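Q: pasting a predicted model and its sequence here:
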Amino acid sequence: MLVAAVAAILDRDLQALAREVAAYPDERALWQTPPGITNSGGTLAVHLAGNIRHYFGAKLGGTGYVRDRPAEFAARDLTRVTILAQIEEARAAVRAAAARTPDQRLEEDYPEVIAGVRVVVVWDTDYSEDVLEESELTFFAQDDDGNVWHLGQYRETYDEVEFVGGRIWIEGAPEGSKAGIMMHADPQLEMPSYSEGYAPPPFNWTDRARVYQMGEQVTGPTGSYDDVLVIEEYNQEEPGAFQHKYYARGVGIVYIGWRGDDQLQETMDLVEFVELDPEALGEARAEALALEARAYIYAGTMPAE
């Protein structure tokens with residue numbers, strides 16, 4: 001019932017949008033921007049149709065539509081017929097979503113999808129002497145072969161008083177950014193090095209990794225671990241500096257060390273390994289969503305012209 005009601009409202013409003021487009025005196029008027037108005041009626045109609053085709057058609061209806069948001073704002077002088085056809089496609093997207101979406105789906109968390117891939121979002125925080133310095137969302141996905149991919153991250157930095165700023169890159173944005181492998185399904189010593197993802201300047205994410213050791217033993221605050229895998233990471237910005245991450249099966253990172261010309265010489269031990277209860281998981285989810293909301297603040301505005 002709820003899905004059907006939402007679909008009916010959207011279809012009503014899309015029909016109203018089509019009537020508005022049809023009411024313009026001519027196609028030239030569709031693309032005019034009077035003083036004080038940022039975007040033309042044609043631009044807004046194309047953008048609204050793209051929104052519906054993306055969120056309802058692709059995400060809920062499985063239509064396979066691939067959105068190009070910048071193109072929605074860059075398009076100029078499309079014919080009235082073309083715009084009306086896009087609105088009709090948006091109506092079809094709503095019908096497709098309604099046909100395959102149960103009411104219970106509307107109560108679920110909205111899945112994060114990057115480059116057409118549904119990802120797992122990991123929230124990570126860094127503290128120094130009980131002061132929060134960084135808070136980060138990282139996006140991972142596992143392919144059919146078992147390899148874990150890194151598709152980007154959103155990072156916020158803080159000083160002792162306030163939030164200083166954020167930085168984000170994901171597969172395809174900014175242009176040239178690429179996903180990389182964070183963990184091979186079957187890591188072996190003879191494997192060549194591999195990219196953990198790439199973002200061009202000024203983001204400068206150039207991390208690479210290689211299998212450094214296998215079958216190691218690590219003892220720390222949480223106990224002893226056998227058959228530990230050691231991954232060596234490095235990047236172009238810090239030549240000669242290497243970070244070692246020690247992975248225990250079923251646990252994850254249990255120790256971090258370094259070698260070479262590493263100015264930080266950072267070491268870390270796993271001091272606690274717990275599974276969050278529902279209340280703690282809810283608190284973590286709320287914090288992660290707050291980060292995501294801040295990442296979208298500027299994206300909520302129209303592109304400058």
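A: Looks like it came in fine.
Q: quick one: low-confidence parts of the stretch 1-150 of the chain?
A: Under the criterion pLDDT under 70, the flagged ranges of the stretch 1-150 of the chain are 107, 109-111.
Q: one more pass at 80, please.
A: The stretch 1-150 of the chain contains residues with pLDDT under 80 at 1, 36-37, 105-111.
Q: tell me where it has strands.
A: 113-114, 117-118, 120-128, 131-142, 148-158 (DSSP state E, counting those that start in this stretch).
Q: out of these, which is closest to residue 291?
A: strand 131-142 (5.4 Å; CB to CB). Backbone N, C-alpha and C define where each C-beta goes, glycine included.
Q: so what touches stretch 78-92?
A: 11, 14-15, 17-18, 21-22, 24, 27, 30, 42, 45-46, 48-50, 52-53, 56-57 (CB atoms under 8 Å, 6 or more residues apart in numbering).
Q: keep only those of these that are in helices.
A: Counted as lying in helices by DSSP state H, out of the contacts of stretch 78-92, are 11, 14-15, 17-18, 21-22, 27, 30, 42, 45-46, 48-50, 52.
Q: name the nearest of the residues you listed relative to residue 102.
A: So of these, ranked by how close each gets to residue 102 (CB to CB), first place is residue 11, at 18.9 Å.
Q: are any of the ones in helices among the contacts of stretch 78-92 buried, and which?
A: By neighbour count, with 16 or more other CB atoms under 10 Å, the ones in helices among the contacts of stretch 78-92 hold 11, 14, 17-18, 21, 27, 30, 42, 45-46, 48-50, 52 as buried.
Q: mind picking the two most distant members of these?
A: Applying CB to CB across these, the maximum distance is between 11 and 27, 25.1 Å.
Q: let me see the domain layout of this structure.
A: With domains defined by automatic domain parsing, the chain comprises 2-107, 124-206+275-305, 208-273.
Q: now do the same end-to-end measure for the last one.
A: Going back to what we said before, that points to domain 208-273. 27 Å (CA to CA, to the nearest Å).
Q: so where do the helices sit in the protein?
A: Going by DSSP H, the chain shows helices at 2-23, 27-30, 41-52, 69-74, 80-100, 278-295.
Q: what is the burial count for residue 102?
A: Using other CB atoms under 10 Å, residue 102 has 10 other residues around it.
Q: again with the one 4 residues further on
A: Here the neighbour count serves as a burial measure; for residue 106 (other CB under 10 Å) it reads 12.
Q: for residue 147, which residues are in contact?
A: Residue 147 touches 181, 183, 184, 185, counting by CB under 8 Å, 6+ apart.
Q: repeat the analysis, applying 6 Å as the threshold.
A: Contact partners of residue 147, counting by CB atoms under 6 Å, 6 or more residues apart in numbering, are 181, 184, 185.
Q: and the closest residue to the second one other than its chain neighbours, how close does it get to residue 108?
A: Which is residue 184. Distance criterion CB to CB, 6 or more residues apart in numbering; nearest residue to residue 184, sequence neighbours excluded, is residue 147 at 5.7 Å. Separation of residue 147 from residue 108 (CB to CB, to the nearest Å): 27 Å.
Q: quick revisit: winner for burial among the helices of the chain?
A: Mean neighbours per residue, mean count of other CB atoms under 10 Å, is largest over the helices of the chain for helix 41-52, with a mean of 21.
Q: now what about stretch 21-35, what contacts it?
A: With CB under 6 Å, 6+ apart, stretch 21-35 has contacts from 40, 41, 42, 45, 77, 80, 83, 84.
Q: so what's the fifth one up against?
A: For residue 77, the contact set (CB under 6 Å, 6+ apart) comprises residue 31.
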